[in-house]
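In: Return atomic coordinates for the entry below.
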Amino acid sequence: MDCSATAWLMHINEAAFAQLLTSARQRTVVIRAFGAPFDVKDTLKARGYSWHSGDKGSNKGWWTEVDANAAEEEQAFLNATYSQGGGPCAPMSLRPLVFA
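Out: Modelled structure (predicted):
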């Protein structure tokens with residue numbers, strides 16, 4: 001059903017596929033807010049962070065995906081939000097899909 005809906009969207013909106021490709025090619029990074037105290041939960045959630053429960057072997061914590069150019073700004077936000085936010089920012093790079 002999702003494939004049919006996507007195909008229909010591409011049919012009725014000619015620019016949709018170009019927008020999809022442009023979005024897929026953007027370089028993004030995942031920022032993790034390790035050690036964030038409970039009292040900043042609502043602030044992180046309002047900023048678009050999601051909670052990862054650690055149920056798949058990874059550490060528990062808040063995370064968000066941002067444009068690669070916004071990584072330093074996001075680190076500054078974390079620095080201002082809680083004291084442990086000032087640690088080294090080591091975002092995980094996500095490579096864009098490149099269609100030949």
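In: quick one: the residue nearest the centre of the chain from residue 33, how far?
Out: Residue closest to the average C-alpha location in the chain (CA atoms, centre = their mean): residue 65, at 1.2 Å. As judged by CB to CB, to the nearest Å, residue 65 and residue 33 stand 13 Å apart. C-beta here means a position set from N, CA and C on the backbone, and glycine is covered the same way.
In: related to what we said a few turns ago, would the residue nearest to the centre of the chain count as being in a helix?
Out: No. According to DSSP: H, G, I helix; E, B strand; the rest coil, the state of residue 65 is strand, so it is not within a helix.
In: Contact partners for it?
Out: Residue 65 is in contact with 28-31, 94, counting by CB atoms under 8 Å, 6 or more residues apart in numbering.
In: got the buried residues for whatever helix or strand residue 62 lives in?
Out: Residue 62 belongs to strand 61-67 when assigned by DSSP states H and E. Of the residues in strand 61-67, 61-64, 66 count as buried by neighbour count, 16 or more other CB atoms under 10 Å.
In: show me where the protein has helices.
Out: 2-12, 16-25, 41-46, 71-81 (DSSP state H).
In: and for the shortest one, what are the contacting residues?
Out: Helix 41-46 has contacts (CB under 8 Å, 6+ apart) with 33, 36, 51, 62, 64, 81.
In: Can you tell me the closest non-neighbouring residue to the fifth one?
Out: This points to residue 64. Nearest residue to residue 64, sequence neighbours excluded (CB to CB, 6 or more residues apart in numbering): residue 49, at 4.6 Å.
In: Alright, that wraps it up for me.
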